[in-house]
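# structural data only, the sequence is not supplied:
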């Protein structure tokens, strides 16, 4: 799938939109709306054409009877006249099929979704090209370096790669290349500011030709077209990375020189080589294709959105008086309710408001909702805006439905009101250390070589262990720590709950839990409330450390044993008892006991197990009652989620996704729509996500989803 920007011209009218390049389509196709907006002259086909889908069935509404001949088109550097069949079979205004591919003969990079057009060389251009070929075949390209002469280094960086050329003067005093360098930036380096990319080009060039340049005894020059780099070696506040660069630059005796970019031809060409991706600039015969959301996730809904932004420069999309007059003669309501309308000039008014015939109502809704002056407002304000000037039967219902189905609104707006998803019961343990939750706290200031705290919580007794760690452990190390700190004290659990950290999703950790006979329960993507018990425990732990740690905050590792004793010895609000009392059947003193009242004989050894089990039953009842209270309180601020089934379409919140937009505030609030692959439970769903979204886990809580209310024709993913 490739979508390209295209400019269309017919007569005095022009349009700019997105075109879908389809190598499986036998015709070039243009939508009736765009053809009419351009004022294309319709030509009757010899016989109607019915377009078939991949399964052999005829596409709905695809019967074509007319064609539009010789429409001027411009795609990147390619210009020409294209003949179209007028039909509406998809969400795109323009489909370029095999006739256009044969006519333009573009070079297509399907991986990068880009096209490069072969430029026709004529006259002086052809002569220059032949001369260039001759130079390449008849003369040596590189000059052998002479260590007794000074070198000159040309460097440059584009948005995707860097290039450099090492030069030296020949006997005639002309600069000749001794070597060249060109390499693509990594994904991280592409996000660096331009001056850092330019500095990196110099750094890589110095590393490449260090054996020529370091300690050569003759100062050399580094030429760049970025003036700010002239101050690279001057005193200023630098980041750690820039300090490392400056230290490396200090090993070389060179002077930075500035010259304009148009003179930096050699290095500039090396930084923009086609094999580095992204094609060539449009002026050089290529097209840059927008990657939606920074991820190249292009859905049919997104294509429909781009079509809505199509701008016809001569006023396409406006409702003119002549169009109204023609539409009045075909309007069914007006034919049967003539007495309700009044003529003012040649236009019909009902209650002093302009009557809009049925065939033009959607265009009117588009104008009063999609237009920049309308602002994509909500249903109420859109209806009020319409009602000031026009009327038709069922206008409020039509406007409300149009706004509800607007994909730009669904993508860019957060629904008001309470979030979806009532509180669900995660587990209901019946004995201590049957169900365990765990997570990490950090990164913290160094304390005895430690930077993290591993928190392990028993969801039945609320007993916790806090283990100081020097770094986040691997799955293998975590298994070893679990045996040393938990297994030796409490045995095998039935279930372990955690987030989706790399330690917990690793295959080794899964195999380890199988050996323990424990079920692995991972939270859904970006929903930490699944592991809310341990999250709350960590808040209490941090609160304790905040009270007792010193000013330098380097003694928190020594405080962990006291924090664990204080936490496990205190009465927990969920059970009404201290964790030590539930697990061991008696309280554990955090400091020397005071004298106690003694009455009668203590319990016998035979009564002790019965007392502990009786206490467990009390805890089960207390936990159930607490969960009811939590649910009642939490559900006041939530609402029941939309009932979704397999195959339904939903929007996915971008709240926790890194999409590469310059500003999070101006980025879309939702992307999609995507299909529901499976319903996990009442509030959790698995989606069919495109590979371009990377390693995002496809299971989401319903609070991050929004039901798609558009039509399948514009929203299917």
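Received the coordinates, thanks. Being a predicted model, the structure only gives us computed values, none of them experimental.

# residue boundaries of the helices in the stretch 151-300 of the chain?
Using DSSP state H, counting those that start in this stretch, the helices found in the stretch 151-300 of the chain span residues 187-190, 194-208, 210-213, 240-249, 265-270, 300-308.

# same check, this time on the stretch 301-450 of the chain
Applying DSSP H, counting those that start in this stretch to the stretch 301-450 of the chain gives helices spanning 321-328, 332-336, 361-369, 379-387, 395-405, 407-412.

# can you redo these as a markdown table with distance to residue 342 and mean pLDDT?
For every residue, glycine as well, the C-beta is placed using N, CA and C. Shown next, in a markdown table, are those (distance: least, CB to CB, whole Å; pLDDT from 0 to 100):
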| stretch | distance to residue 342 | mean pLDDT |
| --- | --- | --- |
| helix 321-328 | 13 | 78 |
| helix 332-336 | 12 | 81 |
| helix 361-369 | 19 | 84 |
| helix 379-387 | 18 | 87 |
| helix 395-405 | 18 | 88 |
| helix 407-412 | 35 | 80 |
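
# weakest of the helices of the stretch 151-300 of the chain by average pLDDT?
Among the helices of the stretch 151-300 of the chain, helix 300-308 has the lowest mean pLDDT, at a mean of 44.

# chain neighbours aside, what residue packs nearest to residue 190?
Distance criterion CB to CB, 6 or more residues apart in numbering; nearest residue to residue 190, sequence neighbours excluded, is residue 160 at 6.3 Å.

# could you do residue 522 as well?
residue 500 is the one closest to residue 522 (CB to CB, 6+ apart), at 5.4 Å.

# before we move on, back to that, doesn't residue 184 make contact with the residue nearest to residue 190?
Yes. Taking CB atoms under 8 Å as the definition, residue 160 is a contact partner of residue 184 at 6.3 Å.

# where does this protein have its least confident helix or strand?
Each helix and strand of the chain was given a mean pLDDT (mean pLDDT, DSSP states H and E); the minimum falls on strand 311-312 at a mean of 34.

# any idea how the protein splits into domains?
For the chain, automatic domain parsing gives the domain ranges 2-116, 139-284, 306-412, 435-589+608-617, 649-715.

# and those domains as TSV, adding distance to residue 625?
Formatted as TSV, the domains of the chain follow (distance: least, CB to CB, whole Å):
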stretch	distance to residue 625
domain 2-116	54
domain 139-284	51
domain 306-412	41
domain 435-589+608-617	9
domain 649-715	22
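
# which one of those domains lies closest to residue 429?
Residue 429 lies closest, by CB to CB, to one member of these: domain 435-589+608-617, at 4.0 Å.

# now that closest one: mean pLDDT?
Averaging pLDDT along domain 435-589+608-617 yields 85.

# per-residue confidence at residue 227?
Note on residue 227: pLDDT of 65.

# over to residue 294?
As predicted, residue 294 sits at a pLDDT of 35.

# what's the average pLDDT for the longest strand along the chain?
Identified as the longest strand of the chain according to DSSP state E is strand 64-75. Averaging pLDDT along strand 64-75 gives 85.

# want to throw the domains of the chain into JSON lines with mean neighbour count and distance to residue 427?
Compiled in JSON lines, those are given as follows (neighbours: other CB atoms under 10 Å; distance: least, CB to CB, whole Å):
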{"stretch": "domain 2-116", "mean neighbour count": "17", "distance to residue 427": "45"}
{"stretch": "domain 139-284", "mean neighbour count": "16", "distance to residue 427": "40"}
{"stretch": "domain 306-412", "mean neighbour count": "15", "distance to residue 427": "35"}
{"stretch": "domain 435-589+608-617", "mean neighbour count": "17", "distance to residue 427": "5"}
{"stretch": "domain 649-715", "mean neighbour count": "17", "distance to residue 427": "13"}
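
# show me what the longest strand of the chain is packed up against.
strand 2-10, strand 29-30, helix 32-38, strand 42-49, strand 78-86 (3 or more CB pairs under 8 Å, 6 or more residues apart in numbering; DSSP states H and E).

# same thing but 6 Å
The elements that strand 64-75 packs onto, with contact taken as 3 or more CB pairs under 6 Å, 6 or more residues apart in numbering; DSSP states H and E, are strand 2-10, strand 42-49, strand 78-86.

# wait, which of those is closest to residue 554?
The closest approach between residue 554 and any of these, judged by CB to CB, belongs to strand 2-10 at 56.1 Å.

# neighbouring strands - and their directions - for that closest one?
Strands that pair with strand 2-10, judged by DSSP bridges, come out as strand 13-21 (antiparallel), strand 64-75 (antiparallel).

# ok, and what's touching the last one?
Outside strand 64-75, the residues that touch it by CB atoms under 6 Å, 6 or more residues apart in numbering are 4, 6-10, 30, 35, 40, 42-43, 45, 48-49, 81-87.

# and the strands in the stretch 101-250 of the chain, which stretches?
107-109, 114-116, 152-157, 161-169, 175-184, 220-224 (DSSP state E, counting those that start in this stretch).

# among those, which comes closest to residue 489?
Closest approach to residue 489 among the strands of the stretch 101-250 of the chain is made by strand 175-184 (53.0 Å; CB to CB).

# looking at the strands paired with strand 2-10, which is nearest to residue 552?
Of all these, strand 13-21 sits nearest to residue 552, with 58.6 Å by CB to CB.

# okay, the residue nearest to residue 358 when sequence neighbours are not counted and residue 361: tell me how far apart.
Nearest residue to residue 358 in three dimensions, chain neighbours excluded: residue 331, at 5.8 Å (CB to CB, 6+ apart). Between residue 331 and residue 361 the computed distance is 10 Å (CB to CB, to the nearest Å).

# so which of the domains of the chain comes closest to residue 642?
Nearest to residue 642, of the domains of the chain and by CB to CB, is domain 649-715 at 4.5 Å.

# quick one: average confidence on the closest one?
Domain 649-715 carries an average pLDDT of 78.

# now do that domain: distance to the chain's middle.
Centroid separation between domain 649-715 and its chain, computed with CA atoms, centre = their mean, to the nearest Å, is 10 Å.

# all helices of the stretch 601-717 of the chain, in order?
Assigned by DSSP H, counting those that start in this stretch, the helices in the stretch 601-717 of the chain fall at 607-635, 712-715.

# make that the stretch 451-600 of the chain, sorry
Using DSSP H, counting those that start in this stretch, the helices of the stretch 451-600 of the chain run over 475-482, 488-490, 502-505, 507-516, 532-548, 556-569, 579-584.

# pipe those helices into a markdown table and attach distance to residue 24 per row.
Formatted as a markdown table, the helices of the stretch 451-600 of the chain follow (distance: least, CB to CB, whole Å):
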| stretch | distance to residue 24 |
| --- | --- |
| helix 475-482 | 46 |
| helix 488-490 | 62 |
| helix 502-505 | 39 |
| helix 507-516 | 40 |
| helix 532-548 | 51 |
| helix 556-569 | 64 |
| helix 579-584 | 66 |
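
# so which of the ones you listed is nearest residue 130?
Using CB to CB, the nearest of the helices of the stretch 451-600 of the chain to residue 130 is helix 502-505, at 57.5 Å.

# having no further points to raise, I will conclude here.
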